[in-house]
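Enquirer: Provided below are the primary sequence and the corresponding predicted coordinates.
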Amino acid sequence: MSEEEIVIVGGGISGLATALALHRDAEFRCLKRSDLLEIMAKNLPSDTISFGCQLVKMEYDPITSRTMLHLQNGTFIWAKVVIGCDGLHSVVSDWLDLKPPRLFNMCAVLGFTNYPEGHGFGNEYLRIRGDHILVGRFPINDNLIHWFVGRPRTPQDTTVAKESKLLRASTMELIKDFPEEISEVVKKCDLDLVTFFSLRHRAPWDLPLEKFRKGTVTVAGDAMHVMGPFIGQGGAAALEDAVVLGRCLAQEMVMNPERSGMNSFKWKKHEEEEEEEEEEKAKSKRIEKAIDRYVKERKMRILRLSTETYLVGTLLQTKSSVTKLLSFVILFIFFTFIGNHTLYDCGHL
Ligand SMILES: Cc1cc2nc3c(=O)[nH]c(=O)nc-3n(C[C@H](O)[C@H](O)[C@H](O)COP(=O)(O)OP(=O)(O)OC[C@H]3O[C@@H](n4cnc5c(N)ncnc54)[C@H](O)[C@@H]3O)c2cc1C
């Protein structure tokens, strides 16, 4: 058994960014996902990340205001604060009784194509819409291209998704009438890196009523607001969560410069002035307040992002002209400027 001040469940974009935000010296850049994870992990103190710690169950003890995290390896951790960054199938969001994410009728195929002699597409980000199909192509560097194809789900997907050659062939068949500069990229892709995704999302209409905090437990990233990838903002929103949560918690805590790592938070109040138990309760109350501020600040932002991506996805997947018209009108009225969501300022740490 071990005991920790703050436990972040999950080591994806959200988990690592939250850990960095709590250390308050982060620098973010626009990078390939794996590069982003590597850079964030490298900037954390070495004792921050524990591998092989699959959370399976949680229990809250109202007397000590602590949460017991049961891990798959049979051990457990007592935590004063739990931040669930455990993605789509989050154990923490289940424990918070959030509604389960819903399945989109769309799915996505993602891949990478390497051009050793250079791809020659420059920095152009290409996005083409077909009949219920969305195809995107964008360069990572002079040699590497990332592409995706969003399309309706089919009964064959369970078989096709497991076999990359079949996945590539079915994708090429689907986009055969698209410009050659797109179909060529798919044809030449690295078969080891072709991936199929069923798309799920937390429905925008579920978000306003969700309680994203129970005691000193909360969620961030996909665990909080998994959304369709149609405007490419899920990961970016996870980074914003980290900044806002880091800021809200930091307003209740100050870093103790004499110690490093996640255990180094020292409370502003002088602990010796109060009974230990009362002090613990007061700390918990302050954390709860900090989390409430974080949830309040994030709710409107994620509601807007989730609604926008839901409407863009609906335009792609629906066959009903009424739904299409309605989605278009709402998008036009409330989300007039395409790309406006990228200009959001979540403030500083
Ligand atoms: C097809 C597609 C395209 C996308 N394109 C973009 C884009 O262009 N731009 C963008 O910003 N976003 C995009 N996204 C969204 C983005 O990938 C996610 O929003 C982002 O990865 C969420 O990060 P996360 O850390 O919250 O979750 P995850 O990346 O899912 O990480 C969760 C972590 O928690 C761990 N974990 C899970 N369960 C447990 C457990 N029980 N115990 C311990 N650990 C656990 C996992 O191993 C993982 O490390 C896209 C998503 C998809 C599906």
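Expert: Structure received.

Enquirer: Any idea how far stretch 181-196 is from the middle of the chain?
Expert: Stretch 181-196 has its C-alpha centroid displaced from the chain centroid by 25 Å (CA atoms, centre = their mean, to the nearest Å).

Enquirer: near the ligand, which residues of the stretch 201-349 of the chain show up?
Expert: 221, 222, 223, 229, 232, 233, 234, 235, 236, 238 (CB under 6 Å from any ligand atom). For the C-beta atoms, the positions are set from N, CA and C on the backbone; glycine is no exception.

Enquirer: buried set for stretch 163-170?
Expert: Buried residues in stretch 163-170, counted by 16 or more other CB atoms under 10 Å: 164, 167, 168, 170.

Enquirer: re earlier: now pLDDT too, for the residues of the stretch 201-349 of the chain next to the ligand, in TSV please.
Expert: Listed next are those as TSV, based on pLDDT from 0 to 100:
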residue	pLDDT
221	97
222	98
223	98
229	90
232	84
233	88
234	93
235	93
236	92
238	96
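
Enquirer: ok, and the most crowded of those?
Expert: Most neighbours among those, by other CB atoms under 10 Å: residue 223, with 32 neighbours.

Enquirer: quick one: average confidence on the lengthiest helix in the chain?
Expert: In the chain, assigned by DSSP state H, the helix with the most residues is helix 276-317. Average pLDDT, helix 276-317: 91.

Enquirer: so after that helix, what's the next helix or strand?
Expert: helix 321-334 (DSSP states H and E).

Enquirer: so how far is that following helix from its chain's centroid?
Expert: 27 Å.

Enquirer: what do you get for stretch 45-54?
Expert: That offset, for stretch 45-54, works out to 19 Å (CA atoms, centre = their mean).

Enquirer: And stretch 60-75, by the same measure?
Expert: The answer for stretch 60-75 is 24 Å, by CA atoms, centre = their mean.

Enquirer: Going by neighbour count, which residues of that stretch are buried?
Expert: 65, 66, 67, 68, 69, 70, 71.

Enquirer: now for those residues, which pair is the farthest apart?
Expert: 65 and 71 (20.8 Å; CB to CB).

Enquirer: Pipe the residues of the stretch 201-349 of the chain next to the ligand into TSV and attach distance to residue 184 and secondary structure per row.
Expert: As requested, those are arranged in TSV below (distance: CB to CB, whole Å; DSSP: H, G, I helix; E, B strand; the rest coil):
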residue	distance to residue 184	secondary structure
221	35	coil
222	32	helix
223	38	helix
229	23	helix
232	23	coil
233	28	coil
234	28	helix
235	27	helix
236	29	helix
238	33	helix
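
Enquirer: Provide the angle between the direction of the longest helix of the chain and the direction of helix 321-334.
Expert: Here helix 276-317 runs at an angle of 120 degrees relative to helix 321-334 (axes from the mean of the first three to the mean of the last three CA atoms, to 10 degrees).

Enquirer: elements contacting helix 276-317?
Expert: Under the contact criterion of 3 or more CB pairs under 8 Å, 6 or more residues apart in numbering; DSSP states H and E, helix 276-317 touches strand 76-84, strand 102-114, strand 195-201, strand 213-214, strand 217-219, helix 222-225, helix 234-250, helix 321-334.

Enquirer: still on that earlier bit, nearest to the ligand among the buried residues of stretch 163-170?
Expert: residue 167 (13.4 Å; CB to the nearest ligand atom).

Enquirer: what number of residues lie near residue 205?
Expert: 12.

Enquirer: ok, now residue 323?
Expert: Count around residue 323 with other CB under 10 Å applied: 14.

Enquirer: Just grab the bridge partners of the closest residue in space to residue 229 that isn't next to it in sequence for me.
Expert: Spatially, and ignoring its direct neighbours in sequence, residue 229 is nearest to residue 108 (6.3 Å; CB to CB, 6 or more residues apart in numbering). When assigned by DSSP bridges, residue 108 has beta-bridge partners residue 150, residue 197.
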